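>>> give the three-dimensional model of this entry:
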Amino acid sequence: MTSSTTERSAHLDRIDRAILAHLVDHGRSSLADLAESVSISASSAQRRMRRLETEHVIRGYRAVLDPEAIGRSLVVHLSVVLVDHGSETVSRFERWIVDLDGLVSCHHVTGDVDYLLRVDVADVHALDVLLRRTLAQVPGVARFTTMVATSALVDRFSRL
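Here you go, the predicted structure:
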């Protein structure tokens, strides 16, 4: 953990952490419900939320979609290895990946692979298109490994 990360997290007290935990699990609850769940007044909860937003502890709010309901029931994890780590190769891949249809997350990682991706696709045919006609055609990709999720034990964005 960097010193700036340590400094940022050091100012979060027990109530801030309770607010964040509540919002992760119940993002659309009312301010009154939030305040009650952490045992403070609604005005105090609102002030704390505004501070957490201003300090970018809370980076935003979003809807969590059911992949099956939107026609993307096949959850695929991919590990990607680039041919080299030169700035041109990395930049080209990173420019390409941000526009990938169905991309849920992409992480640059250490170890034997360079990137870990989660892509939600409709079915096996869509996966084949992704692999053969899309990923295999990206200049600078040396190899990739595909892992299809058969079930989700835990699927969270963030947790305290």
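
>>> give me the helix or strand of this protein that scores worst on average pLDDT.
Within the chain, confidence by mean pLDDT, DSSP states H and E is lowest for helix 3-10 among all helices and strands, at a mean of 53.

>>> got any ranges where the chain has weak pLDDT?
For the chain, applying pLDDT under 70 flags the ranges 1-10, 157-160.

>>> tell me which stretches of it form helices.
Using DSSP state H, the helices found in the chain span residues 3-10, 14-25, 31-37, 42-54, 87-97, 124-128.

>>> any chance of these in CSV, plus mean neighbour count?
C-betas here are computed from N, CA, C, even on glycine. Output for the helices of the chain, formatted as CSV (neighbours: other C-beta atoms under 10 Å):
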stretch, mean neighbour count
helix 3-10, 10
helix 14-25, 16
helix 31-37, 16
helix 42-54, 15
helix 87-97, 14
helix 124-128, 14
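
>>> any chance of those in JSON lines, with distance to residue 105 too?
Listed next are the helices of the chain as JSON lines, based on distance: least, C-beta to C-beta, whole Å:
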{"stretch": "helix 3-10", "distance to residue 105": "20"}
{"stretch": "helix 14-25", "distance to residue 105": "16"}
{"stretch": "helix 31-37", "distance to residue 105": "27"}
{"stretch": "helix 42-54", "distance to residue 105": "22"}
{"stretch": "helix 87-97", "distance to residue 105": "10"}
{"stretch": "helix 124-128", "distance to residue 105": "17"}
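
>>> leaving out sequence neighbours, find the closest residue to the residue of the chain positioned farthest from its centre.
Going by C-alpha atoms, centre = their mean, the residue of the chain most distant from its centre is residue 41, 31.4 Å out. The spatially closest residue to residue 41, leaving aside those adjacent along the chain, is residue 35, at 5.9 Å (C-beta to C-beta, 6 or more residues apart in numbering).

>>> kindly report the same for residue 139.
residue 92 (6.1 Å).
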